[in-house]
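*Asks:* how would this look folded up:
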Amino acid sequence: MVCATTLGIGVDWVVTWPPDSDVPDLPVAPELITPGVALGGGRYRLLERIGGDERVGASFWRARDAVLDRDVAVTTLTGSDGPRSVQTALAADRLNQPGIARVLDALSDPRQAGPGLTGLIVTEWVAGADLATLAMEATRSGRTLSTVMIARALSPLAAAVDVAHRAGLTLGCDHPQRIRIGNDGLARLTFPVVSASGLAADDVRGLGAAICVLMTGRWPLPDPPAGLLGAPAGAGLSAQALRPGASPTLATLAQRCLAGGSAEGVYTGAAVHQLLEQVSNAEADTMLLTPLPRVAEPDVWSSDEVDDGRDEGRRRKLAIGLAVLAVAVLLVFGWVGNQLAGFFSDGTTAGGPSVVVPKPGDTTQGQPGDSPTQPAPAGPIQAAGIEVYNVAGDPDNPNRVTRAIDGNPGSSWKTFDYNQPFPALKPGVGVLVSFAEPVKLAAVQVNSPSAGSVVEIRTAPAGDAGLAGSNVLGQATLAAGVTEIQLSNVEPSQRILLWITGLSTVNGKNATELAELTFVRAS
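*Replies:* As a prediction, the model looks like this:
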């Protein structure tokens, strides 16, 4: 095969592929690596510069493979860490992780990579957009990904970090242009670069920074790429300080990732992956935010089409303007469904407990001047409202909690699915039930399919005392169906807490489901 290339600086040459030992080195100096240059012995022709990391002498490119006639991602390296990055990329590729773009070629010999280069890494091209581009588009448009979409996108990358660290490898996830979110909505490390001083903790900080930049449009680590806003001093460790409506679970996770190996920090990819999986598997996306458009890209680039740099800005603007709604049609439909669910339920966001929603036909407290009412007879009493009570992380499916008191055993509320039983991640989770007026209860009937779950009926926590200021009125281990919990020493109260301390385990998942709660008034 013959490939003719012109640098645009008055130098022309013809290179054969595969190159033989008699072919002279291409006259390419690092400063002349521009769109149109063919590297890797003439096989990879650079089309568009995606970004770069000056700290390690790396540039990120979309290029064309002249042999297989397809787009590829090319990382050019000019620093002393080039050979190390090449070897790490090859080792990481053997892990076969979905969160790492597949390595197609890796060269560290300047005679093969290109004169002046210490390394050339070629990976599969991920059609979509990098984190920096997504964040800048979010800042421009005022739109961002929802909580569940962020968690689903970054979960494979966190899993790859975990597997790599177990294998003794550092990936280099601490730069927003190295990571791209593809048309399938999943993030992949596309431009792998590792410095000699890179640590596993840097990868975890990078995961925290990725969460933060997708939530807020700001990059919390030093030296963000041109055009990408950095986090202001003092607020860089709190996504909620930058965006009050942000998910408290993801905001806390990002903060602890950025804290590194400190006492309050998260320092393993496994911990990040586990929490992202928990959020992404939630039944409802409580953030209810607008999905962020991705950058549309040309499907086919002809072999003679070269970006000379003059139209790069115009084409990038056009590409952003043609953002595709493809973070997969299923995700879009899922988002619309979540929007509707939130609209017709209690309308809460992930910043706190659900809003108490009175049910049709509920009685309310008498107004001043009303005639006194007779004492209510013993028997079932209708709850006026319900909310999720949570002491750590996001509330468990708060938009669905009203199903536990809707009078329909066919609908239900369920906790998150936990990979470990309580109290590994939380001491427990509960539902706080309110009544229209203070009531003295004799029993609570729990209709649940989650046999083996352990629940307590407690007085409502007050003030800052939390559970420490709450008294246990009754407890039981649930059977499948209806379990009645008799209460003792009950004073009239307008609120009561059902606190779950033990979850039911099914197929390795730990969760508790409440189909219906019935409250029995004492005589």
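
*Asks:* show the pLDDT at the residue most central in space within the chain.
*Replies:* Taking Cα atoms, centre = their mean, the centroid of the chain lies closest to Ala151, which sits 2.1 Å from it. pLDDT recorded at Ala151 is 92.

*Asks:* hang on, it in a helix?
*Replies:* Yes. Assessed with DSSP: H, G, I helix; E, B strand; the rest coil, Ala151 lies in a helix.

*Asks:* mind listing the helices for this protein?
*Replies:* In the chain, the segments counted as helices under DSSP state H are 82-93, 110-113, 131-141, 147-166, 200-216, 239-242, 248-258, 269-280, 312-321, 329-344.

*Asks:* of all the ones you listed, which lies closest to Gln475?
*Replies:* Closest of those to Gln475 is helix 269-280, at 26.4 Å (criterion: Cβ to Cβ). The C-beta positions use only the backbone N, C-alpha and C, and glycine is treated the same way.

*Asks:* re the thing from before, the helices of the chain into a markdown table, with extra columns for distance to Val37?
*Replies:* Below are the helices of the chain laid out as a markdown table (distance: least, Cβ to Cβ, whole Å):
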| stretch | distance to Val37 |
| --- | --- |
| helix 82-93 | 17 |
| helix 110-113 | 12 |
| helix 131-141 | 23 |
| helix 147-166 | 30 |
| helix 200-216 | 29 |
| helix 239-242 | 40 |
| helix 248-258 | 38 |
| helix 269-280 | 36 |
| helix 312-321 | 15 |
| helix 329-344 | 38 |
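
*Asks:* out of these, the one nearest Ser504 is which?
*Replies:* Closest to Ser504 of those, according to Cβ to Cβ: helix 269-280, at 16.9 Å.

*Asks:* centre of the chain versus that closest one, how much separation?
*Replies:* 8 Å (Cα atoms, centre = their mean, to the nearest Å).

*Asks:* which residues touch the nearest residue to Leu95 once chain neighbours are set aside?
*Replies:* Nearest residue to Leu95 in three dimensions, chain neighbours excluded: Val163, at 5.3 Å (Cβ to Cβ, 6 or more residues apart in numbering). Contacts for Val163 (Cβ atoms under 8 Å, 6 or more residues apart in numbering) come out as Leu95, Gln97, Gly269.

*Asks:* from those residues, which would you call buried?
*Replies:* Gln97, Gly269 (16 or more other Cβ atoms under 10 Å).

*Asks:* state the distance from the closest residue in space to Gly227 that isn't next to it in sequence to Gly172.
*Replies:* The shortest distance from Gly227 to any non-neighbouring residue, by Cβ to Cβ, 6+ apart, is to Met136 (5.5 Å). To Gly172, Met136 is 22 Å away according to Cβ to Cβ, to the nearest Å.

*Asks:* ditto for Leu145
*Replies:* According to Cβ to Cβ, Leu145 stands 23 Å off from Gly172.

*Asks:* mind pulling up the pLDDT for Gly260?
*Replies:* For Gly260, the model assigns a pLDDT of 72.

*Asks:* please name the nearest non-neighbouring residue to it.
*Replies:* Distances taken as Cβ to Cβ, 6+ apart put Ala201 closest to Gly260, at 4.8 Å, once the chain neighbours are dropped.

*Asks:* same check on Leu189?
*Replies:* Once flanking residues are discounted, Leu189 sits nearest to Ile100: 5.0 Å by Cβ to Cβ, 6+ apart.

*Asks:* next, the contact list for the residue nearest to the centre of the chain, please.
*Replies:* Neighbouring residues of Ala151 by Cβ under 8 Å, 6+ apart: Leu250, Leu276, Glu277, Val279, Ser280.

*Asks:* check the residues you listed against Ser434 and report the nearest one.
*Replies:* Nearest to Ser434 among the contacts of Ala151: Val279, at 27.5 Å, using Cβ to Cβ.
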